[in-house]
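*Asks:* Quick one, what's the 3D model for this:
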Amino acid sequence: MARLFARARATSRDEALVRSLYEEHGGALLAYAVRLTGDRAAAEDVVQETLVRAWRHADKLMSGEGSVRAWLFTVAKNLIVDKVRAKAARPTEVAESPTAVPVAKDHAQRVVDSMSVLAAIEGLSEDHRKVLVEIYFRDRSVAEAAQELGIAPGTVKSRSHYALQALRTAMSGRRAALEGTA
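*Replies:* Numbers count the residues shown, from 1 in each chain. Next up is the predicted model:
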């Protein structure tokens, strides 16, 4: 019980110390912190943290060694330096603006889709695959694809029709398998 009363007296004494420190040095400490940070809200946070540290180290302050004011200003300066260093260590944050070009958050689905299409194309017959490559990948007209492949334009149209139909069937089967419905 005696320990409890002693601790209560010490806590009361420490709180009185912090109050007196704030009354005596708070204004100058705040002005100093504002000057270093350029931001009143940040400076108020620094003053608050400085006083919390004074409360935690009340025994050092009450020992009478050194200047209390110098200790407070040193703690405040160190807190500000620590915040600046921590901010410098992090990459800079870029705020989004309404005119910013939207960036895809996740391109994983596009990669999966591309891989699925390539696998489905690989499953086509060679004749069908060649027609699709000429028309869709090399961006050739039916006549140009026919000339390149050495076949009639009607054959190119027919093969592309059946190739796309087979591709749709293969893709719907892959989608159903991925979704677990097949």
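*Asks:* Pull out the buried positions in the host helix or strand of residue 173.
*Replies:* Assessed by DSSP states H and E, residue 173 sits inside helix 153-179. Within helix 153-179, the residues scored as buried using 16 or more other CB atoms under 10 Å are 155, 156, 159, 160, 163, 164, 166, 167, 170, 171, 174. No exception for glycine: its C-beta is placed from N, CA and C like everyone else's.
*Asks:* how far away is the residue of the chain most remote from its centre from residue 136?
*Replies:* Farthest-out residue of the chain from its mean C-alpha position, per CA atoms, centre = their mean: residue 152, at 55.6 Å. Using CB to CB, to the nearest Å, residue 152 is found at 19 Å from residue 136.
*Asks:* list the contacts for residue 164?
*Replies:* By CB atoms under 8 Å, 6 or more residues apart in numbering, residue 164 lies in contact with residue 132.
*Asks:* what's the distance between it and residue 136?
*Replies:* When residue 164 is compared with residue 136 (using CB to CB), they lie 9 Å apart.
*Asks:* Just the CA atoms of stretch 23-39, as PDB, please.
*Replies:* C-alpha atoms of stretch 23-39 as PDB (Å, rounded to 0.1, in the frame of the first residue of the first chain):
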ATOM      1  CA  GLU A  23       4.000  26.900 -18.900                       C
ATOM      2  CA  GLU A  24       7.600  28.000 -18.800                       C
ATOM      3  CA  HIS A  25       9.000  26.600 -22.100                       C
ATOM      4  CA  GLY A  26       6.000  25.600 -24.200                       C
ATOM      5  CA  GLY A  27       5.700  28.800 -26.200                       C
ATOM      6  CA  ALA A  28       9.400  29.000 -27.000                       C
ATOM      7  CA  LEU A  29       9.400  25.300 -27.800                       C
ATOM      8  CA  LEU A  30       6.400  25.600 -30.100                       C
ATOM      9  CA  ALA A  31       8.000  28.600 -31.900                       C
ATOM     10  CA  TYR A  32      11.200  26.700 -32.400                       C
ATOM     11  CA  ALA A  33       9.400  23.600 -33.700                       C
ATOM     12  CA  VAL A  34       7.300  25.700 -36.100                       C
ATOM     13  CA  ARG A  35      10.500  27.400 -37.400                       C
ATOM     14  CA  LEU A  36      12.100  24.000 -38.000                       C
ATOM     15  CA  THR A  37       9.100  22.200 -39.500                       C
ATOM     16  CA  GLY A  38       7.200  25.000 -41.200                       C
ATOM     17  CA  ASP A  39       4.000  23.400 -40.100                       C
END
